[in-house]
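>>> my questions concern the predicted model and sequence given below.
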Amino acid sequence: MKKALDMASAYESKANAQKRLQSKDDELHLELVKEARDRAEVLKAEDAKESSVAAVRAHLEQQLEATQGVLRMHEHRLGHLMAERRQEQQGAVAEDGAIKSLQVSKNAMEASLSDLKSKVDSMKTGLKKEEKEAKTTRASSTLER
């Protein structure tokens, strides 16, 4: 009977050891499950952060592209405005040349007009002299008669 009691005691010890091991195994399993959940939450947060960073990056790239488009549009408009300004400047230079040419022409015409006036004046003076002489010649010829 002692042997049976010893065996029962050994069996009970083994059962208790088995229960302790099972309890430890369950605790380890719970710790592993908890660690796995924590790790999953960290990975989920990192994925969300990476997704957020990727979304911000995509948004910034879109803004950069839009800004570059606006810049290209402004550069294109600036090119047109500069071309218009060059044309206006060339037109102004051409107008200045035309004005100077017209001024030279006007001055030449005024000089010609002045010459013509002096010739007309001298002709009038000559004509008056001739008329005086003609009158004196007629008067003398009338007196002589």
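Okay, I see it. Residues are numbered from 1 along each chain as shown.
>>> can you give me the helices in the protein?
Taking DSSP state H, the helices of the chain run over residues 2-144.
>>> how many other residues sit next to R72?
R72 sits with 10 neighbouring residues when counted by other C-beta atoms under 10 Å. Backbone N, C-alpha and C define where each C-beta goes, glycine included.
>>> measure it to L81 for me?
For R72, the distance to L81 (C-beta to C-beta, to the nearest Å) stands at 15 Å.
>>> same thing with K24?
From K24 to L81 the distance is 83 Å (C-beta to C-beta).
>>> then K2?
K2 is 115 Å from L81, where distance means C-beta to C-beta.
>>> shaky segments in the chain?
Within the chain, the stretches with pLDDT under 70 are 138-145.
>>> counting neighbours, what do you get for A94?
Neighbours of A94 (other C-beta under 10 Å): 10.
>>> that one and M82, how far apart?
Distance of A94 to M82, computed by C-beta to C-beta: 18 Å.
>>> go on, A134?
75 Å.
>>> just E50 next, same as before
The spacing between E50 and M82, counted by C-beta to C-beta, is 46 Å.
>>> check K19 too.
92 Å.
>>> equivalent analysis for S114, please.
S114 is 47 Å from M82, where distance means C-beta to C-beta.
>>> just K128 next, same as before
Distance of K128 to M82, given as C-beta to C-beta: 67 Å.
>>> K117 too?
Distance of K117 to M82, computed by C-beta to C-beta: 51 Å.
>>> same deal with A4?
113 Å.
>>> same check, this time on D115
For D115 relative to M82 (C-beta to C-beta), the value is 49 Å.
>>> before we move on, back to that, the more surrounded of K2 and L81?
Shown here are K2 and L81; by other C-beta under 10 Å, L81 has more neighbours (10 against 6).
>>> give me every residue that touches that one.
If you count contacts by C-beta atoms under 8 Å, 6 or more residues apart in numbering, L81 has none.
>>> just give me the neighbour total for A36.
For A36, the count of nearby residues is 10 (other C-beta under 10 Å).
>>> over to the one 4 residues further on?
For A40, the number of neighbouring residues by other C-beta under 10 Å comes to 10.
>>> got it, and M1?
Counted with other C-beta under 10 Å, residues neighbouring M1 total 5.
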